[in-house]
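Participant: fold the following, please.
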Amino acid sequence: MERTRVIVREMDEDGAGETRLWEGWLEKGERQKIKSAQGQIIYDYRLASNDRTQGDNSTYCDNGDTVRIP
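Facilitator: Below you'll find the model as predicted:
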């Protein structure tokens, strides 16, 4: 795939992603720096505008960790 649509949300104390931190298209190999106050994020992605979104992927980020998205 050449581009991926990504939505990143901050995970709150209840485990839900209420605060949107970033949304946009990433080109293959491109990086987006995102700061999370809590350190735990939920991200959704899709590989084409007509694809279904692959959602509620949760991960912990700390000290500049990199999250790879297909």
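Participant: wait, Q38 sits on E10?
Facilitator: Yes: taking Cβ atoms under 8 Å as the contact criterion, Q38 and E10 are neighbours in contact, 5.8 Å apart. From N, CA and C alone the C-beta is placed, and that goes for glycine too.
Participant: look up how far S58 lies from Y43.
Facilitator: Taken as Cβ to Cβ, to the nearest Å, the spacing of Y43 relative to S58 amounts to 8 Å.
Participant: got any residues that touch both of the two?
Facilitator: Taking Cβ atoms under 8 Å, 6 or more residues apart in numbering as the contact rule, Y43 and S58 have no neighbour in common.
Participant: which one of these two has more residues nearby?
Facilitator: Neighbour totals were compared for Y43 and S58, and Y43 leads with 20 against 12 (other Cβ atoms under 10 Å).
Participant: picking that back up, between Q38 and E10, which one's more packed in?
Facilitator: Each of Q38 and E10 has its neighbours counted (other Cβ under 10 Å); E10 has more, 19 against 12.
Participant: can you tell me how far that one is from A48?
Facilitator: For E10, the distance to A48 equals 26 Å [Cβ to Cβ].
Participant: equivalent analysis for I42, please.
Facilitator: For I42, the distance to A48 equals 21 Å [Cβ to Cβ].
Participant: look at the two and report which has more neighbours.
Facilitator: Neighbour totals were compared for I42 and A48, and I42 leads with 20 against 11 (other Cβ under 10 Å).
Participant: contacts for whichever helix or strand the more buried one is part of?
Facilitator: Using DSSP states H and E, I42 maps to strand 40-46. Contact partners of strand 40-46, identified using Cβ under 8 Å, 6+ apart, comprise 4-11, 17, 21, 34, 52-61, 67, 69-70.
Participant: and for stretch 23-33?
Facilitator: By Cβ under 8 Å, 6+ apart, the residues outside stretch 23-33 that reach it are 1-8, 22, 66, 69.
Participant: of the residues you listed, which is the most crowded?
Facilitator: The residue in these with the most neighbours, by other Cβ under 10 Å, is V8 (23 neighbours).
Participant: what angle separates the helix or strand where that one lies from strand 40-46?
Facilitator: Taking DSSP H and E as the definition, V8 sits inside strand 3-11. With axes from the mean of the first three to the mean of the last three Cα atoms, to 10 degrees applied, the angle from strand 3-11 to strand 40-46 works out at 150 degrees.
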